[in-house]
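K.L.:
quick one, structure for this:
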Amino acid sequence: MMTINVAVLLAVIVVMRLRRRTQARSRVEERNTALLVLALGILIAPTPLGQGIVDGIGQLVQGVSQAGS
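P.N.:
Just a heads-up that it's a prediction; the model follows:
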């Protein structure tokens, strides 16, 4: 039996939707894409990958703020 990770499935759907040209999208499609990205973020956040992304962004923000002062 094959299982499908929901986060991977959502990531594939988001990539496919974002490959379309901007002019061809309606407001409803833009909203749906934003909701899919939000759901993907919620699914990825508690995983080790999500924690690594958060740590990386935190270090980047800390470096930028130190460079600005």
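K.L.:
grab the longest helix from this protein for me.
P.N.:
Counting by DSSP state H, the longest helix found in the chain is helix 48-68.
K.L.:
hmm, who's touching it?
P.N.:
Helix 48-68 is contacted by residues 44-45 when judged by Cβ atoms under 8 Å, 6 or more residues apart in numbering. All C-beta spots, glycine's among them, are computed from the backbone N, C-alpha and C.
K.L.:
any idea of the mean pLDDT in that helix?
P.N.:
When pLDDT is averaged along helix 48-68, the result is 82.
K.L.:
chain center to it: distance?
P.N.:
16 Å (Cα atoms, centre = their mean, to the nearest Å).
K.L.:
with stretch 56-69 instead?
P.N.:
Distance, centroid of stretch 56-69 to centroid of chain: 21 Å (Cα atoms, centre = their mean).
K.L.:
CA-only coordinates of it in PDB, if you can.
P.N.:
Taking Å, rounded to 0.1, in the frame of the first residue of the first chain, the C-alpha atoms of stretch 56-69 are listed here in PDB:
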ATOM      1  CA  GLY A  56      17.600  29.800   9.300                       C
ATOM      2  CA  ILE A  57      15.200  32.800   8.800                       C
ATOM      3  CA  GLY A  58      15.900  33.800  12.500                       C
ATOM      4  CA  GLN A  59      19.600  33.800  11.900                       C
ATOM      5  CA  LEU A  60      19.200  35.800   8.700                       C
ATOM      6  CA  VAL A  61      17.000  38.400  10.400                       C
ATOM      7  CA  GLN A  62      19.500  38.600  13.300                       C
ATOM      8  CA  GLY A  63      22.400  39.100  10.900                       C
ATOM      9  CA  VAL A  64      20.600  41.800   9.000                       C
ATOM     10  CA  SER A  65      19.600  43.600  12.200                       C
ATOM     11  CA  GLN A  66      23.200  43.500  13.500                       C
ATOM     12  CA  ALA A  67      24.500  44.800  10.200                       C
ATOM     13  CA  GLY A  68      22.000  47.700  10.300                       C
ATOM     14  CA  SER A  69      23.100  48.900  13.800                       C
END
